[in-house]
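In: Test case, fold it:
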Amino acid sequence: MGLVRKKTPEPEELEQEQPSTADLLAQLDDPDPDRRREAALGLDGVAEAVGPLLDRVAQEEEAAVRDAILTTLAAHDTDEVAAGLAVHLATDEAGLRTAVAEALATMPVSTPAIIPRLIQDPDHDVRVMTAMVLADLPHPASLTWLAEMIRDDTHPNVVASAIDALLPSIGPEHTELLERAVRRFPNDPFLRFTVEAALR
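Out: From the prediction side, this is the model:
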């Protein structure tokens, strides 16, 4: 996913009559993906559009339109949006769960509130995606949560993902944490490789 950079409208564009919220919401069902993308971006800042946009996240098949929807939703950065997006971290569709993880990582106000629940999710794939969110989430507790996942998680793939997410910030103070992770999963060569690469 690539969140969409909104362009500044030209003066002549501002002079044109802007579509109403109702028109833009209806346009989300347009068969033309360019029109749907235009509608999603046009609903930026419209609180009443949050529900309909959340409903469209899983329905939308065009990646560019979905990215526009996620861009508009992430800009709200509310608890409703964070919870509504987080459910898609469990989807089998790789593109959707990755796009949602990237969107959640741009929401430093509301995403932190759901992290404690996500790192305890019974689905280890959700926990792997949570590590991906934490890799880019600009929040002071992100590194602490990643260290907790490395120390406590029972699945080696989650631990390896958390190590990978922590990698840009790893220092000597993390050596024992990483070495302990290898000792917890002595028969996992990928985890061992990840730790050795991190320690180097």
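
In: Going by C-alpha atoms from here, please, whenever you check contacts or count neighbours.
Out: Fine.

In: May I have the distance across stretch 162-177, first residue to last?
Out: Length of stretch 162-177, first residue to last, C-alpha to C-alpha, to the nearest Å: 12 Å.

In: Sketch out the low-pLDDT regions of this protein for me.
Out: Per-residue confidence for the chain (pLDDT under 70) gives these ranges: 1-2, 4-17.

In: ok, which stretches of it are strands?
Out: Using DSSP state E, the chain contains no strands.

In: Give me the most central residue, it.
Out: Centroid check for the chain by C-alpha atoms, centre = their mean gives Ala101 as the closest residue, at 1.8 Å.

In: show me the contacts for that residue.
Out: Residues in contact with Ala101 (C-alpha atoms under 8 Å, 6 or more residues apart in numbering) are 86, 89, 129-130, 132-133.

In: From those, keep the buried residues only.
Out: Of all the contacts of Ala101 considered here, the ones buried according to neighbour count by 16 or more other C-alpha atoms under 10 Å are 86, 89, 129-130, 132-133.

In: hang on, Gly45 packs against Thr78?
Out: No - using C-alpha atoms under 8 Å as the test, Gly45 is too far from Thr78 to be in contact (11.8 Å).

In: Settle it for me: which of those two has more neighbours?
Out: Relative neighbour count places Thr78 above the other of Gly45 and Thr78, with 17 against 13, counting by other C-alpha atoms under 10 Å.

In: Ala160 versus the nearest residue to the more buried one once chain neighbours are set aside, what's the distance?
Out: Once its chain neighbours are removed from consideration, Thr78 has its nearest residue in Ser110; the separation is 5.3 Å (C-alpha to C-alpha, 6 or more residues apart in numbering). Here the criterion is C-alpha to C-alpha. By it, Ser110 lies 26 Å from Ala160.
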